[in-house]
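predicted model, plus sequence, below.
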Amino acid sequence: MAVLEVEQIPVLKDNYVYLAHESEANVTAAIDPAVHEPVLERLARKGWKLTHILNTHHHGDHVGGNLALKAATGCTIVGNGADAARIPGIDVRVRDGDTYMFGKAAAKVMDVSGHTVGHIAYWFAESRTLFVGDTIFALGCGRMFEGTAEQMWGSLAKLRALPDDTLIYCAHEYTQNNARFALTIERDNELLRARSSEIDIARAHNRPTVPSKMGIERATNPFLRADVPGVARAVDLVGAPPAKVFAEVRRRKDVF
Ligand code: ZN
Ligand code: FE
């Protein structure tokens, strides 16, 4: 069984870059390297050689380190073939539904457009590991810069169907602010209230709140709960289609 070892590297103001290491084939990927130097430092500390970059989408804080890392290591850059023109240095063009073999670990490629059009996630089922970029955050979701609410809701609904113990590796530490917003939507959600207290404690000690797990996201993240009656009621849209409810929750977060 090819299991991934994941390293979390905080960079810039609130980004996370990840290293994923698959020891059987001895391959190491950087997921969404915003920058190159902290990645090279961590690789040296771990004694790993960078063989791959996996990109989720084209934003600068996700691809900014691509070319410098490729120049330094000769790594292979993997990204969405449907958005190849915006992924610097892309070598391998994957598509929605593909199974990409990272060493001996299989990743299912999922189109999760909405934040951008052409955003993908990498689902390593064996390791219960999901690299999700800016689609889901702990208690949040990405802003819709390019896609529509229908698209984003569809993407979140696809991800929501993954197992409870799925580890969600998102690309930003936005959790504390997200929790404050989530409580404006579901202030009587006991799990959310308990989680919010835990998050405050973690952040007070400067500990990461990421990765989170799909089970707790499904129970507490308002953006995954647009089809829960209490959420529709909170935004005065009882009986409306979930995508509409989702759009209104997203709109409120944009101005929160
Ligand atoms: Zn982004
Ligand atoms: Fe980002």
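Right, received. Where do you want to start? Ligands and ions are numbered 1, 2, ... in the order given.

so which residues on the stretch 101-250 of the chain come close to ligand 1?
Contact residues (C-beta under 5 Å from the ion) of the stretch 101-250 of the chain with ligand 1: D134. (Glycine included, C-beta is placed from N, CA and C.)

what backbone torsions are found at the residue of the stretch 151-256 of the chain found nearest ligand 1?
Nearest residue of the stretch 151-256 of the chain to ligand 1: A171, at 7.1 Å (C-beta to the ion). Main-chain dihedrals, A171, degrees, to the nearest 10: phi -100, psi 0.

give me every residue that touches it.
Residues in contact with A171 (C-beta atoms under 8 Å, 6 or more residues apart in numbering) are 15-17, 32, 56, 61-62, 132-134.

before we move on, what about G97?
Residues counted as contacts of G97 (C-beta under 8 Å, 6+ apart) are 108-110.

and of these, the nearest to ligand 2?
Nearest to ligand 2 among the contacts of G97 is M110, at 17.7 Å by C-beta to the ion.

so what touches the longest helix seen in the chain?
Selection of the longest helix in the chain by residue count, based on DSSP state H, yields helix 190-204. Contacts to helix 190-204, defined as C-beta under 8 Å, 6+ apart, come from residues 138-139, 175-176, 179-180, 182-183, 186-187, 208-209, 216, 219-220.

assumed M110 was part of a helix.
No - checked against DSSP: H, G, I helix; E, B strand; the rest coil, M110 lies outside a helix; its state is strand.

state the helix or strand in which the nearest residue to it once chain neighbours are set aside lies.
Once flanking residues are discounted, M110 sits nearest to A121: 4.7 Å by C-beta to C-beta, 6 or more residues apart in numbering. Using DSSP states H and E, A121 sits within strand 120-124.

strand partners (parallel or antiparallel) of the helix or strand that comes right after that strand?
Reading on from strand 120-124 to the C-terminus, the next helix or strand found by DSSP H and E is strand 129-133. The strands that strand 129-133 pairs with in its sheet are strand 120-124 (antiparallel), strand 167-170 (parallel) (by DSSP bridges).

what's the mean pLDDT across the helix or strand following the shortest one?
Spelled out, it's strand 167-170. Using DSSP H and E, the helix or strand that directly follows strand 167-170 along the chain is helix 175-185. For helix 175-185, the mean pLDDT works out to 98.

outside of helix 175-185, which residues touch it?
The contact list for helix 175-185 (C-beta under 8 Å, 6+ apart) reads 137-140, 189, 192-193, 195-196, 199-200, 203, 209-210, 212, 220-222, 231, 234-235, 249, 252-253, 256.
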